[in-house]
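Chemist: structure of the sequence below:
(one chain, ligands or ions: 1)
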Amino acid sequence: MKNLNHLFVATAISLILFTGCEEKIDSPVIPINPDLAEVEPTPCENPPLPLWYLQQLYSWGQEASFILADTNIHIADLALMHTVYFENSAANQIFGPNGEYTEQINQQFNGLKSFWDMESDQIILVASRGSMLEDRVKVVKTYQAHYGYSDHKANVYADSIATLLQTYPQFLNGQHPAFTFNQLAIPDTILSRIGQIPDKIIIGDGLLQGYEALGYGAIAPQAILAHEFGHHIQYELGILIKGMSLIPKTARRIELMADAYAAYFLSHPMGGAMQEEGMQQVSEVFFNIGDCSFEANSHHGTPTQRKAATEWGYRAANDLRPHDQILSILEFARMFDAELENIVKQ
Ligand SMILES: [Zn+2]
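Modeler: Below is the predicted model of the structure:
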């Protein structure tokens, strides 16, 4: 099952860079990328969420679960990639398989936009939904747009998807969480043949379902959204740049920083105003998407480090006097960088 573990790392944990584009890079407003210590392994165990995800796949049986890892069919990524390319309007978006998270997510999004000192009205919030696998037109378009498949090849593979959904009832016609186990922030981009893609945050229904299964349904949607918003703050500051390549130490920094931005907003009285009990759950939400892949360029920090980053962000909001003061996005990033060395000792 090693390749399925790899698949989890590749698809389930937030991918924050959309590197397929070759557009011009905007100059960073302020260069604030310090020298970073290399990643040194620290004690680490896989948290419950990836184990839950793998249990889902084990219950499918080996044959069905290995289809998920097939690098020609890309069935685990199609819904996400369709959303990346073609969901370019925030209108009529619903979150959760039955729309159950729509209101809490939209409400939090409005709060985030007014909280942080940056232009953010252009960012749209969209869902990745497994029902697209039943829509042949969408499947063909996604194979062509993201994977570069010819018209013929895209149609052949679209037929395969339809057959697979019929053959494996475990797939729930695409509604199984494994097909949308993702979260993503991407900057605005112009793509040939597609056109303008706006600044975007994507939340997958499957990830929400996973957290719900672990008892975090009331907290995880807000936490995920606030974390992804943190990546847009990083784009604004030039900490993240379109098309940049990440290595373990840079990936870890931006992910832990995004956790801290999220915690600061969620606990701040002018933001989410969550109390200690809620913030404990937020730290567990991020703990659950930490990883032990110290050498992976997508390394997000260990579960313990993610919890520590969250708790630091919480304390930064809690210790603040007066309570109606909000740190600027730049000041916050600098404070976080000054603390990063201590956070990664955890
Ligand atoms: Zn992230």
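
Chemist: can you report how many residues lie near Glu341?
Modeler: Using other C-beta atoms under 10 Å, Glu341 is surrounded by 10 other residues. No exception for glycine: its C-beta is placed from N, CA and C like everyone else's.

Chemist: and it, what element?
Modeler: helix 329-343 (DSSP states H and E).

Chemist: give the rounded mean pLDDT of that helix.
Modeler: Here helix 329-343 scores 95 as its mean pLDDT.

Chemist: alpha carbons of it, as CSV, please.
Modeler: Presented in CSV, the C-alpha positions along helix 329-343 are these (Å, rounded to 0.1, in the frame of the first residue of the first chain):
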residue,chain,number,x,y,z
ILE,A,329,-0.3,40.6,7.4
LEU,A,330,3.3,41.6,7.1
GLU,A,331,3.9,42.1,10.8
PHE,A,332,2.3,38.8,11.5
ALA,A,333,4.6,37.0,9.0
ARG,A,334,7.7,38.6,10.6
MET,A,335,6.6,37.6,14.1
PHE,A,336,5.9,34.0,12.9
ASP,A,337,9.3,33.8,11.2
ALA,A,338,11.0,34.9,14.4
GLU,A,339,9.3,32.0,16.2
LEU,A,340,9.6,29.3,13.5
GLU,A,341,12.8,27.8,14.9
ASN,A,342,11.0,27.1,18.2
ILE,A,343,7.9,25.7,16.5
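
Chemist: list of residues touching that helix?
Modeler: 30, 32, 34, 36-37, 116-118, 233-234, 236-237, 239, 253, 256-257, 260-261, 264, 305, 308-309, 312-313, 316, 327 (C-beta atoms under 8 Å, 6 or more residues apart in numbering).

Chemist: alongside the ion, which residues does the stretch 201-346 of the chain contribute?
Modeler: 255, 258 (C-beta under 5 Å from the ion).

Chemist: so where do the helices sit in the stretch 201-346 of the chain?
Modeler: 205-213, 220-237, 248-267, 276-287, 303-318, 329-343 (DSSP state H, counting those that start in this stretch).

Chemist: any idea which of the ones you listed gets closest to Asp199?
Modeler: helix 220-237 (6.3 Å; C-beta to C-beta).

Chemist: do I have it right that His300 meets Phe286?
Modeler: No. Under the criterion of C-beta atoms under 8 Å, His300 makes no contact with Phe286, lying 9.0 Å away.

Chemist: name the residues contacting each of these two.
Modeler: By C-beta under 8 Å, 6+ apart, the residues touching both His300 and Phe286 are Arg306.

Chemist: strands along the chain, start to end?
Modeler: In the chain, the strands defined using DSSP state E lie at 124-128, 183-186, 189-191, 195-197, 200-204.

Chemist: can I get those strands in a markdown table including mean pLDDT?
Modeler: As requested, the strands of the chain are arranged in a markdown table below (pLDDT from 0 to 100):
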| stretch | mean pLDDT |
| --- | --- |
| strand 124-128 | 98 |
| strand 183-186 | 95 |
| strand 189-191 | 88 |
| strand 195-197 | 92 |
| strand 200-204 | 97 |
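
Chemist: reformat the ones you listed as a markdown table; add mean neighbour count.
Modeler: Shown next, in a markdown table, are these (neighbours: other C-beta atoms under 10 Å):
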| stretch | mean neighbour count |
| --- | --- |
| strand 124-128 | 22 |
| strand 183-186 | 24 |
| strand 189-191 | 16 |
| strand 195-197 | 13 |
| strand 200-204 | 25 |
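
Chemist: could those strands go into TSV alongside distance to Trp60?
Modeler: Below are the strands of the chain laid out as TSV (distance: least, C-beta to C-beta, whole Å):
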stretch	distance to Trp60
strand 124-128	20
strand 183-186	23
strand 189-191	34
strand 195-197	33
strand 200-204	18
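
Chemist: list the residue ranges of this protein that fall below the pLDDT cut-off.
Modeler: The chain contains residues with pLDDT under 70 at 1-31.

Chemist: that older thread, what subset of the contacts of helix 329-343 is buried?
Modeler: Those of those that meet the buried threshold are 36, 116, 118, 233-234, 236-237, 239, 253, 256-257, 260-261, 264, 305, 308-309, 312-313, 316, 327, by 16 or more other C-beta atoms under 10 Å.

Chemist: how close does His82 get to Leu68?
Modeler: Distance from His82 to Leu68, counting by C-beta to C-beta, to the nearest Å: 17 Å.

Chemist: before we move on, what about Gly278?
Modeler: Plainly put, Gly278 is 34 Å away from Leu68 if you go by C-beta to C-beta.

Chemist: more neighbours: which of those two?
Modeler: Leu68 (22 against 17).

Chemist: verify the contact between the more buried one and Ala178 for me.
Modeler: Yes. When contacts are counted by C-beta under 8 Å, Leu68 is listed as touching Ala178 (6.0 Å).

Chemist: shared neighbours of these two, which are they?
Modeler: 57, 76.

Chemist: tell me how many other residues crowd Gln107.
Modeler: Gln107: 11 surrounding residues under other C-beta under 10 Å.

Chemist: next: Ser192.
Modeler: 7.
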